[in-house]
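In: Can you look at this prediction? I've put the sequence above it.
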Amino acid sequence: MLAAAACAPPQTKTSVESLELSVREILELPTYEQIYRDIVYVGEQQKILFITTTDKEVLFSIDIRVQAGIKNAGLITIEITGINENGTKSAVVHLPAAEVLLVDADEKSIEQYFIKERGGEISRLEYYDEINRKKEELIRTAIDAGLLKQADFNAQQLISSFLALSNIEVSSFREAGSEI
């Protein structure tokens, strides 16, 4: 059986390139997503000679979606490292680390709890500025909670399952650009 495996045709460069292209196409999609519901407060108060001239406050909640995945899928490479006795090829896959791909606030999910507008209205720009600040906070929160680790894990599972369809078992994953 070992002799038969040794006589099997080697993996051609063209078929490895074809597999790499297919994997790159798959990973153009995010591999992990979390949706956060966050409470946002916007407030401004101005006084002239101890008299309140402007008092604007709003409290609302909003859903913010954070997606992570492989951003530079073009850096993925697959190296066939051998063939075992049952004909399954083993491979080392080099892929870039997961990154945050998207942070999106769903404006339709806004639920306003209270608003007070004395001395002026709260502008749409003030809403958006505060939502953008919340997005930056949520990126850090999501990364601390393991968003990128989960996205890496999901990408590896996806690649392993895809390559298994071509009778290739992934022996290890390495960071793109690293040597075997």
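Out: On my side now, so go ahead.

In: wait, Asp104 sits on Asp63?
Out: No: applying Cβ atoms under 8 Å, one finds Asp104 not in contact with Asp63, separated by 9.2 Å. Using the backbone N, CA and C atoms, a C-beta is placed for each residue, glycine as well.

In: where along the protein do the helices fall?
Out: 2-7, 13-26, 124-144, 147-164 (DSSP state H).

In: Comparing these, which stretch has the densest surroundings?
Out: When those are scored by mean count of other Cβ atoms under 10 Å, the highest mean neighbour count falls to helix 147-164 (a mean of 18).

In: Show me the residue sitting in the middle of the protein in space.
Out: The residue lying closest to the centre of the chain (Cα atoms, centre = their mean) is Ala68, at 0.3 Å.

In: how near is that one to Ala164?
Out: 24 Å (Cβ to Cβ, to the nearest Å).

In: Which of the helices and strands in the protein ranks last by mean pLDDT?
Out: Ranked by mean pLDDT, DSSP states H and E, the weakest helix or strand in the chain is helix 2-7, scoring a mean of 36.

In: partners of Ile39 in the sheet?
Out: Ser61 (DSSP bridges).

In: In this structure it contacts Ser61, no?
Out: Yes: the criterion here is Cβ under 8 Å, and Ile39 meets it with Ser61 at 5.2 Å.

In: Contact partners for the closest residue to the residue nearest to the centre of the chain other than its chain neighbours?
Out: Nearest residue to Ala68, sequence neighbours excluded (Cβ to Cβ, 6 or more residues apart in numbering): Ala151, at 3.7 Å. Applying Cβ atoms under 8 Å, 6 or more residues apart in numbering, we find Ala151 in contact with 30-32, 68-70, 98.
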